[in-house]
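Engineer: here's a sequence, model it:
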Amino acid sequence: MASSRNHPEPYESFLLASDGSEQKITSLPDPKIINAATFTINKEDHTLGAMLVNQLLRDPRVLFAAYKVPHPLENSFVLKIQVKDGITPAQALETAIQDCTSAIASIQESFQEEVHRVRREEGQDGGNVDYYSAV
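Structural biologist: Numbers count the residues shown, from 1 in each chain. The predicted structure is shown next:
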């Protein structure tokens with residue numbers, strides 16, 4: 001029914017086009033600033049943008065990191081990174097992504113352990129856990 005309305009399908013806000021016409025990340029080197037680049041990350045929002053900037057700024061090799069959402073109706077953000085000599089902005093971004101992925105995995109593991117602990121204390125089976133009803 002959404003096709004008769006004047007708005008995109010809901011899945012278009014988070015899935016890349018199946019024909020390969022969209023890339024998740026595009027990169028442009030900054031022509032005016034040394035060791036800087038601008039990345040456009042498609043089908044993501046403030047959640048990932050803020051997380052990546054926070055992680056990038058923890059890296060002592062990163063001089064500058066910030067993001068902006070060009071328009072509230074666009075499902076993308078633009079990330080600007082400037083680094084010291086010895087590393088590229090793309091390498092810094094890759095490291096930040098890996099660090100964020102590790103942190104999320106650690107949080108998930110801690111959450112699962114706590115759910116199992118609570119269920120054991122309540123005498124419930126700690127097997128298959130419905131995380132949404134456990135909270």
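Engineer: can you give me the strands for the protein?
Structural biologist: 25-29, 36-42, 62-68, 76-83 (DSSP state E).
Engineer: ok, Glu22 - contacts?
Structural biologist: 16, 42-43 (Cβ atoms under 8 Å, 6 or more residues apart in numbering). For glycine as for every other residue, the C-beta is placed from the backbone atoms N, C-alpha and C.
Engineer: buried subset of those, written for ChimeraX?
Structural biologist: Selection command for ChimeraX covering only the buried members of these, criterion 16 or more other Cβ atoms under 10 Å:
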select :42
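Engineer: could you dump the contacts of Glu22 into JSON lines with distance to Gly86 and pLDDT added?
Structural biologist: As requested, those are exported to JSON lines (distance: Cβ to Cβ, whole Å; pLDDT from 0 to 100):
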{"residue": "Leu16", "distance to Gly86": "33", "pLDDT": "70"}
{"residue": "Asn42", "distance to Gly86": "29", "pLDDT": "91"}
{"residue": "Lys43", "distance to Gly86": "32", "pLDDT": "88"}
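Engineer: for Leu79, state which of the contacts of Glu22 is nearest.
Structural biologist: Asn42 (11.6 Å; Cβ to Cβ).
Engineer: would you convert the strands of the chain into CSV that also reports distance to Thr95?
Structural biologist: Listed next are the strands of the chain as CSV, based on distance: least, Cβ to Cβ, whole Å:
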stretch, distance to Thr95
strand 25-29, 14
strand 36-42, 14
strand 62-68, 9
strand 76-83, 10
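Engineer: most tightly packed of those strands?
Structural biologist: Ranked by average neighbour count under the criterion mean count of other Cβ atoms under 10 Å, the strands of the chain are headed by strand 76-83 at a mean of 21.
Engineer: buried set for stretch 114-127?
Structural biologist: Neighbour counts over stretch 114-127 (16+ other Cβ under 10 Å) mark 115-116 as buried.
Engineer: okay, it in PDB with CA atoms only?
Structural biologist: What follows is stretch 114-127, C-alpha atoms only, in PDB (Å, rounded to 0.1, in the frame of the first residue of the first chain):
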ATOM      1  CA  GLU A 114      23.100 -11.200  33.400                       C
ATOM      2  CA  VAL A 115      19.800 -12.500  31.800                       C
ATOM      3  CA  HIS A 116      21.000 -16.100  32.500                       C
ATOM      4  CA  ARG A 117      21.900 -15.100  36.100                       C
ATOM      5  CA  VAL A 118      18.600 -13.500  36.800                       C
ATOM      6  CA  ARG A 119      16.700 -16.500  35.300                       C
ATOM      7  CA  ARG A 120      18.700 -18.900  37.400                       C
ATOM      8  CA  GLU A 121      18.000 -16.900  40.500                       C
ATOM      9  CA  GLU A 122      14.300 -17.000  39.700                       C
ATOM     10  CA  GLY A 123      14.400 -20.700  39.000                       C
ATOM     11  CA  GLN A 124      13.600 -20.400  35.300                       C
ATOM     12  CA  ASP A 125      15.300 -22.200  32.500                       C
ATOM     13  CA  GLY A 126      18.400 -20.300  31.300                       C
ATOM     14  CA  GLY A 127      18.200 -21.800  27.800                       C
END
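Engineer: perfect, I'm done here.
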